[in-house]
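**Student:** pasting the sequence and the predicted model now:
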Amino acid sequence: MSRRESDRAKMGPIPWTNENFYELAWRARGLAFFERVKEAANGNLCRALGLFNSLNEEYMVALEGIPAAAAKKSGLDPGGGSPRGYLGMNAKLARAPRKAGDRPAEILERVEAVVDKGKIRKTAVTRGYNAFVANWLRDVSGAGFDAIVELGTGYGQNLFEIYCRGGPKTRYIGAEYTASGRELMGKFHALDPAMPLEIVAFDHKAPDLSFLAGAEKVLLFTCHSLEQVERLPERFFDVLAAAAPEVTAIHLKPFGFQIEKKSSASRKQAAFIKKKFYNMNLAKVLRAAEKRGKLAVRMMVLNAINPDESNPTSIAVWDNRRP
Ligand SMILES: C[S@@+](CC[C@H](N)C(=O)[O-])C[C@H]1O[C@@H](n2cnc3c(N)ncnc32)[C@H](O)[C@@H]1O
């Protein structure tokens, strides 16, 4: 057994949770791509980010899932696992299959103008998902916030994108669960330390926004991160709404099936979400916080982005002003 193999074996499999999936995924992507893109970008943050993002789109991380029963049978079960079993420590980066719809001409045909005066007016069919989201967040960020916070930010892709696209000179806060995501965000930040970015640990299951003490007007957003938590705490949004005197929040997440339950698309989405142990209660918990007078939901667009795909993204926007 080589030294590398024996080190890996010592670490052993870890419980198969969505959090641990990302712990391994950000680490694998960081190890495989960061130094390469830093060199190719001559240390320029925005160029490095652009190169890193395109590698991320080109390669998928494949992790080895070991179902609980199989782990027990093979004597691999170290105890303390999740009902799903374990994740092996090996991560493979495999080229993502190209879909016919990814051909450049088709991309142009499918992108629709959807943002009007900073608001989403209709649904969007877009392959340029990240750029679409980044431009929208950059526009919204310009409204005089003294902090822009992403909860579950990964390596901070969206925050760096807002900054690189000319976002405001204000506090940026990247709140992330995984140590590997925070570490990678720190490496990107080191390329442009003039960016006023703070990196903090954060868990949606036990939200603590005390890092915002003293802030007055805050933009909070989440992007495909709340779905990683099967059940958000009942008072999740109460905590977010109490984080500062003025809070505006945006959530991009597949929750359409939680509101419109009957269509076959919704039933398919619900089955997919359940299988992945993704979030089942955002809509309920959000509306309950609204009923308690903690916040007002200002906009909800179901299946706002790529409505024809199997797992479309919905958008919810709320603030904590009195209705
Ligand atoms: C699909 S990635 C999205 C990352 C980033 N928001 C983006 O759009 O590029 C999901 C992120 O949610 C994070 N996450 C998973 N469970 C979490 C939890 N309990 N608390 C906070 N973040 C979590 C993952 O570590 C990962 O960084």
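**Tutor:** The structure has been received and is ready for your questions. Everything quoted here is computed from the prediction, not taken from an experiment. Residues are numbered from 1 along each chain as shown.
**Student:** can you report phi and psi for Leu45?
**Tutor:** phi -60, psi -50 (degrees, to the nearest 10).
**Student:** pLDDT below threshold where in the stretch 101-250 of the chain?
**Tutor:** 101-128 (pLDDT under 70).
**Student:** quick one, helices of it?
**Tutor:** Applying DSSP state H, counting those that start in this stretch to the stretch 101-250 of the chain gives helices spanning 104-110, 129-141, 157-164, 179-189, 236-241.
**Student:** out of those, which one sits most buried?
**Tutor:** Ranked by mean neighbour count under mean count of other Cβ atoms under 10 Å, the helices of the stretch 101-250 of the chain are led by helix 157-164, which reaches a mean of 25. Where you see a C-beta, it was placed from the backbone N, CA and C, and this is true even at glycine.
**Student:** any chance of the helices of the stretch 101-250 of the chain in TSV with distance to the ligand as columns?
**Tutor:** Shown next, in TSV, are the helices of the stretch 101-250 of the chain (distance: least, Cβ to the nearest ligand atom, whole Å):
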stretch	distance to the ligand
helix 104-110	20
helix 129-141	8
helix 157-164	4
helix 179-189	5
helix 236-241	11
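**Student:** out of those, which comes closest to Val317?
**Tutor:** helix 129-141 (8.9 Å; Cβ to Cβ).
**Student:** now do stretch 132-152: distance to the chain's middle.
**Tutor:** Averaging C-alpha positions (Cα atoms, centre = their mean, to the nearest Å) puts stretch 132-152 14 Å from its chain's average.
**Student:** and if you look at stretch 36-50?
**Tutor:** Counting by Cα atoms, centre = their mean, stretch 36-50 comes out at 22 Å from the chain centroid.
**Student:** if I look at Ala94, how far off is the ligand?
**Tutor:** Between Ala94 and the ligand the computed distance is 18 Å (Cβ to the nearest ligand atom, to the nearest Å).
**Student:** surely that residue is in a strand?
**Tutor:** Yes. Assessed by DSSP: H, G, I helix; E, B strand; the rest coil, Ala94 belongs to a strand.
**Student:** in the sheet, who's paired with it?
**Tutor:** Met60 (DSSP bridges).
**Student:** that one contacts Leu63, correct?
**Tutor:** No. Using Cβ atoms under 8 Å, Ala94 makes no contact with Leu63, being 11.1 Å away.
**Student:** the two: who's more crowded?
**Tutor:** Leu63 (16 against 10; other Cβ atoms under 10 Å).
**Student:** tell me which element that one is part of?
**Tutor:** strand 59-66 (DSSP states H and E).
**Student:** how about Asn20?
**Tutor:** Asn20 belongs to helix 18-40, assigned by DSSP H and E.
**Student:** contacts made by that helix with the rest, please.
**Tutor:** Contact partners of helix 18-40, identified using Cβ atoms under 8 Å, 6 or more residues apart in numbering, comprise 14, 47-48, 51-52, 55-56, 59, 61, 63, 87, 89, 91, 93, 154-155, 177-181, 183-184, 187-188, 191, 228-229, 276-278.
**Student:** can you list the residues of the stretch 101-250 of the chain near the ligand?
**Tutor:** Selection of the stretch 101-250 of the chain residues close to the ligand by Cβ under 6 Å from any ligand atom yields 152-154, 157-158, 176-178, 181, 202-205, 223-225, 228-229.
**Student:** out of these, which end up buried?
**Tutor:** 152-154, 157-158, 176-178, 181, 202, 204, 223-225, 228-229 (16 or more other Cβ atoms under 10 Å).
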